[in-house]
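**Student:** Based on what follows, work out the 3D shape:
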Amino acid sequence: MKKNILLAVICLFSAGRVSSQTNDTVSVNENYIHAPILKVLKDFEMKYGMTLKYDSAAVAGFVYEGIFFSAPLQIAFERVCQEVKGLSCYVDDDGIYCLVPTKNLPRNRTKLENKRYEGNASRRNLTVTGRIKDQTNGEFLPYATVHVEGHVTIATVTNNDGYFTLYNVPSDTEVLVFKYLGYETQRFFLSPEINVANLFVELQPAVNALDEIVVVAEREDVLKIPELSVGIIQTTAAKIADLPALGEKDLFRTFQLMPGISGSNESSAGMYVRGGTPDQNLVLYDGFTIYHQEHLMGVFSAFNTNAIKDVRLHKGGFDAKHGGRLSSVMEIVGKTGNDREVNIGGDVGFLGFNAFAEVPFGNEKGSVFVAGRRSFQSFMYDKFTDVYSNTQSSGGMGGRGPGGGFNQRNQEKPESYFYDLNAKVTYNPTKRDIVSLSFFNGEDILDNSREGFGSSSTSGSITDKTNWGNIGSSLKWSRNRDNRFYTNALVSFSKYYSLRDRQNSTTTTSGGAAVMFDMNTDEHNNLWDYSLKLDNEYKISGNNRLEFGLNASIYNIDYRYVQSDTSNILNMQNSGNLFSAYIQDRWTLSGGKFTLTPGIRLSYYDVASRMYGEPRLQAFYKVNGEINLKASAGSYYQFVNRIVREDISAGSRDIWLLSDNKNIPVSRAIHYVAGGSYETKSLIFDVEAYYKKLRNLSEYTLRFAPSFTDNAGYEEFFYTGNGYSRGIDFLLQKKYGKLTGWIGYTLGETRYSFPVYGDGYFPANQDVTHEFKTVLTWKPVRDLTLSASWIYATGKPHTEPIGAYTLTTPNSGNMNFIVVDKKNNARYPDYHRMDLLAKYDLSFIRGVKSSLSVSLFNLYDYPNVWYREYAYDQSVGVTETNINLLGFTPNITLSIQLK
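**Tutor:** Residues are numbered from 1 along each chain as shown. Sure, this is the predicted structure:
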């Protein structure tokens with residue numbers, strides 16, 4: 001009320017009034033880049049003769065960005081009024097423009113609404129180019145969509161750096177619609193005076209909407225299926241916080257709630273996509289490959305969501321741009337940081353804490369972003385270690401951990417923690433160039449040592465220390481040459497490492513003499529990946545986009561497994577060079593209804609001394625504005641493989657090895673995908689059927705080895721097989737409104753055939769026949785978000801004993817043996833759980849964004865089975881013990897950031 005009175009006083013004493021009926025002969029020529037609104041208003045007053053009414057103190061915090069080229073004065077000023085979020089303009093009784101914060105708009109006044117240009121068009125069949133930014137921090141938005149209102153076939157998507165080129169815009173009076181997941185949809189009104197060759201459009205995060213007068217009912221959902229895509233799912237880090245999570249917001253766990261991605265692998269944050277395994281997924285972080293993707297034996301993914309801007313997952317049938325994996329591709333775009341002002345923030349919960357900082361260079365030339373995360377011991381952390389310390393045969397990712405898990409039987413708690421660090425420097429030397437340097441380091445530390453176990457005559461100690469992780473970096477130069485030709489040049493390296501040192505010292509006392517026995521095991525696995533990439537995009541026309549590029553990678557891998565310092569069980573060093581080239585052409589035909597993308601990827605692998613051809617094809621057909629049909633097919637090869645070294649006695653391990661096309665052949669997959677979607681403004685129904693044919697899969701096991709000797713070659717225990725995966729994914733999603741969410745269902749089958757296990761196919765370890773998921777998110781009031789998820793899945797396969805027997809040894813001792821039948825001849829009980837989340841946006845400190853989240857994992861405490869242990873006793877026969885996954889687990893997280 002006081003501000004309105006003050007504004008009235010200012011209006012009364014305003015000098016030199018100019019009517020809203022301004023002189024249209026005056027033209028405005030200005031280029032505002034994040035200009036303070038006070039400067040803009042002064043320009044209109046001093047340069048162009050307008051007299052305005054506003055309270056300088058009330059509007060001082062607002063900024064404006066836009067370009068005017070010979071724009072009529074009245075139209076230019078009304079554009080300023082309409083495009084500054086949080087400010088409203090109205091015309092008073094004397095015909096004078098008044099500006100106020102929207103929340104202070106007098107009730108008897110109506111603000112000027114953005115409206116379509118009503119004059120005649122002066123340009124037709126335009127090409128509109130520009131960039132899309134986050135209004136709050138200046139970050140460019142990748143994969144945002146742009147289309148002409150009323151013309152759904154005239155559309156495009158921004159690239160990784162936020163650039164877009166929109167062809168065949170009918171005239172310069174059209175309305176452009178800009179959308180990005182988690183942001184307010186913006187309508188941009190073209191007019192003849194606007195320069196369409198270099199638009200800068202800013203979108204406002206939905207959570208930061210400032211309009212306090214009108215409550216907006218629409219709200220975009222957490223995960224999005226982009227239009228004209230096969231098997232692609234997109235999300236942003238800002239939306240992940242709205243879903244239930246195990247301990248803290250998690251990238252991989254969010255995607256596991258979608259159909260086609262297994263959500264019942266609770267002991268692994270890895271991605272099991274359409275019957276594939278985690279190593280068959282190519283995970284790119286700012287262009288370089290991440291090999292270590294999990295923390296805490298698979299409980300959490302290795303990616304800090306505070307360091308992520310956008311994520312795209314290709315579930316299958318991906319195009320020729322990507323290669324080297326059999327199953328899927330995940331593209332993670334790291335945050336570039338706030339290029340306008342310093343910002344800091346972080347989260348803290350029962351499992352750990354993370355923090356980030358953003359520092360601009362000045363003049364919006366770039367920024368520095370740094371984020372770090374570390375776990376700490378707590379009652380909740382101990383709950384995880386209590387569960388995973390009961391396992392006898394564990395190791396490797398996917399629920400085992402490269403360190404062999406918590407392989408112990410006493411009640412001592414292992415010491416462990418994980419951390420990760422992200423950093424990114426972005427610099428814009430010109431309007432057409434972007435240079436960025438990105439860095440990632442994630443590591444797990446495990447100390448499973450213990451002292452003083454044994455009996456009255458035997459004592460001993462075990463030193464068991466493991467650390468494993470990934471370090472990588474990329475330097476990228478992006479150049480928008482002429483709005484048609486865009487180039488990315490990237491050089492990167494990535495290193496995976498896993499080190500384990502285990503020493504078992506035992507002292508036995510007999511007849512007063514002490515006998516010491518030492519058993520040492522040293523195991524390490526290192527992978528170095530040095531890569532150079534060149535990706536180009538040339539837009540030949542509005543209907544034809546050509547993409548082509550080159551990729552060169554140098555791999556060095558070593559693996560060593562030594563017992564007692566002398567017995568080399570496995571000792572391998574291999575290296576190889578991979579050179580690839582690809583080309584694909586996206587054609588839009590039949591007036592935008594039909595889109596065809598043929599492509600091919602050629603790879604030369606010097607270890608095998610041969611060329612590998614990978615043809616790809618994607619096709620889309622728009623039946624009408626609501627129904628789309630889609631299909632894709634392609635051939636895929638994988639040259640770097642993560643193989644499970646099965647070891648029942650000491651714990652299985654995962655090791656990265658390079659294909660040699662002999663003992664470890666280059667694996668291959670052929671994808672076939674077909675489906676369709678029906679989409680309205682608020683709902684989408686999507687269905688995709690898939691079939692994957694797998695060849696040259698590798699496994700390593702000791703179960704068929706009679707004994708170990710120094711002369712035993714590792715090649716004796718590698719085995720090769722084939723397989724297939726087929727299924728169908730269904731998704732029904734409600735995209736808008738206070739209540740959003742989806743229902744997903746997958747019917748799938750994954751079968752392997754390894755001659756060493758017998759004739760015929762058997763269910764793969766990751767095979768799940770039925771998987772049903774439902775996710776609901778409800779926003780009853782502005783600051784409160786409630787969400788729930790429920791997962792049901794068929795139990796996974798395992799190998800069940802069919803009998804047992806006892807042999808008497810020469811020294812009159814007994815040895816028990818368990819007899820197993822065919823591999824994976826049984827299944828665990830069905831899996832199901834419900835998770836809840838309540839997130840409240842706090843406002844106890846003015847100008848500081850904060851929230852408090854309470855999550856409840858496995859709400860009804862259902863005992864889902866992780867695996868079973870079997871034991872044999874002559875008196876009772878074979879007994880089984882279920883080792884269960886986590887029960888009911890609560891967590892509280894507080895998040896705070898300045899901007």
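**Student:** Tell me who's in contact with residue 823.
**Tutor:** The contact partners of residue 823, by Cβ atoms under 8 Å, 6 or more residues apart in numbering, come to 754, 757, 758, 762, 799. C-beta coordinates here come from the backbone N, C-alpha and C atoms, glycine included.
**Student:** okay, those in a markdown table with pLDDT, secondary structure and neighbour count next?
**Tutor:** As requested, these are exported to a markdown table (pLDDT from 0 to 100; DSSP: H, G, I helix; E, B strand; the rest coil; neighbours: other Cβ atoms under 10 Å):
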| residue | pLDDT | secondary structure | neighbour count |
| --- | --- | --- | --- |
| 754 | 91 | coil | 18 |
| 757 | 84 | helix | 19 |
| 758 | 83 | coil | 11 |
| 762 | 93 | strand | 20 |
| 799 | 84 | coil | 17 |
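**Student:** Identify the bridge partners of the most centrally placed residue in the chain.
**Tutor:** The chain has residue 311 as the residue nearest its centroid, 4.2 Å off, counting by Cα atoms, centre = their mean. Listed by DSSP bridges, the beta-bridge partners for residue 311 are residue 235, residue 332.
**Student:** So it is in contact with residue 239, correct?
**Tutor:** No. Proximity of residue 311 to residue 239 does not meet the contact threshold set by Cβ atoms under 8 Å, at 10.1 Å.
**Student:** Going by neighbour count, list what's buried in the longest strand along the chain.
**Tutor:** Secondary structure assigned by DSSP state E gives strand 513-541 as the longest strand of the chain. Applying a neighbour-count criterion of 16 or more other Cβ atoms under 10 Å, one finds 520-521, 523-527, 529-531, 533, 535-539 buried in strand 513-541.
**Student:** lowest-pLDDT helix or strand in the protein?
**Tutor:** Among the helical and strand segments of the chain, the one scoring lowest on mean pLDDT, DSSP states H and E is helix 2-12, with a mean of 40.
**Student:** looking at this, residue 74 is in a helix?
**Tutor:** Yes. Residue 74 sits within a helix when classified using DSSP: H, G, I helix; E, B strand; the rest coil.
**Student:** which of the residues in stretch 750-767 are buried?
**Tutor:** For stretch 750-767, a neighbour-count test (16+ other Cβ under 10 Å) marks 750, 751, 752, 753, 754, 757, 762, 763, 764, 765, 766, 767 as buried.
**Student:** Touching, residue 158 and residue 131? I think so.
**Tutor:** Yes. Counting by Cβ under 8 Å, residue 158 sits close enough to residue 131 to count as a contact (7.5 Å).
**Student:** just to revisit the earlier point, which ones among the buried residues of stretch 750-767 map onto helices?
**Tutor:** Mapping these onto helices (DSSP state H) picks out no residues; all lie outside.
**Student:** between those residues, which is closest to residue 741?
**Tutor:** Comparing those against residue 741 with Cβ to Cβ places residue 766 closest, at 26.2 Å.
**Student:** Residue 574 - how many residues pack around it?
**Tutor:** In terms of burial, residue 574 registers 15 neighbours under the definition other Cβ atoms under 10 Å.
**Student:** How about it: what's its closest non-neighbour residue?
**Tutor:** Here the nearest residue to residue 574 in space, its sequence neighbours aside, is residue 658; by Cβ to Cβ, 6 or more residues apart in numbering that works out to 4.6 Å.
**Student:** My guess is the one you found contacts residue 639. True?
**Tutor:** Yes. Residue 658 is in contact with residue 639 according to Cβ under 8 Å; the separation is 6.9 Å.
**Student:** hey, what's in contact with both of the two?
**Tutor:** Contact criterion Cβ under 8 Å, 6+ apart; residues shared by residue 658 and residue 639: 555, 576, 607.
**Student:** so where does the second one fall, helix or strand?
**Tutor:** Meaning residue 576. Assigned by DSSP states H and E, residue 576 belongs to strand 567-589.
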